[in-house]
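Participant: One predicted model, sequence on top.
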Amino acid sequence: MQAKAKAAAPTSSSGGKAAKKKKWSKGKVKDKAQHAVALDKPTFDRIIKEVPTFRFISQSILIERLKVNGSLARRAIRHLEKEGLIKRIVHHSDQLIYTRITTGSD
């Protein structure tokens, strides 16, 4: 008789741990960016054509707009500065900020 009572007890209780578990909301996960790691001809042409027209140029801007990785963005900025297409505003160890070359009327 005692064995029957023990077996019946767990099935009859529906509270406590046996109750429905809380469903935690799934956090939104940002997809990992697939940025270019090598410079191809169309990307290089786009850098030469578009970047000197940007009012504010930084590594972060190039990464976001051109979908290239950080090292390519730094190389592109250095190349454009050497060619005289952009000028430096702030040179800091962490962030380099440049702007377009403006004429006297701008």
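Facilitator: Cool, got the structure. Numbering: from 1, shown residues only.
Participant: CA only for contacts and neighbour counts going forward, please
Facilitator: Fine.
Participant: so where do the helices sit in the protein?
Facilitator: All helices of the chain, identified by DSSP state H, fall at 2-12, 41-50, 59-66, 70-83.
Participant: Show me what the last one is in contact with.
Facilitator: Going back to what we said before, that points to helix 70-83. 37-39, 47-48, 52, 58-60, 62-63, 86-88 (CA atoms under 8 Å, 6 or more residues apart in numbering).
Participant: Check the offset of stretch 31-42 from the chain's centre.
Facilitator: 13 Å (CA atoms, centre = their mean, to the nearest Å).
Participant: likewise stretch 75-88?
Facilitator: Between the centre of stretch 75-88 and the centre of its chain there are 24 Å (CA atoms, centre = their mean).
Participant: ok, now stretch 35-44?
Facilitator: 18 Å.
Participant: For that stretch, list the C-alpha coordinates in PDB.
Facilitator: These are the backbone C-alpha positions of stretch 35-44, laid out as PDB (Å, rounded to 0.1, in the frame of the first residue of the first chain):
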ATOM      1  CA  HIS A  35      34.200  42.900 -44.600                       C
ATOM      2  CA  ALA A  36      36.700  42.700 -47.400                       C
ATOM      3  CA  VAL A  37      40.200  41.800 -46.300                       C
ATOM      4  CA  ALA A  38      41.900  42.300 -49.600                       C
ATOM      5  CA  LEU A  39      41.700  45.400 -51.900                       C
ATOM      6  CA  ASP A  40      40.300  44.600 -55.300                       C
ATOM      7  CA  LYS A  41      40.200  47.000 -58.300                       C
ATOM      8  CA  PRO A  42      36.500  48.100 -57.900                       C
ATOM      9  CA  THR A  43      36.900  48.800 -54.200                       C
ATOM     10  CA  PHE A  44      40.200  50.800 -54.800                       C
END
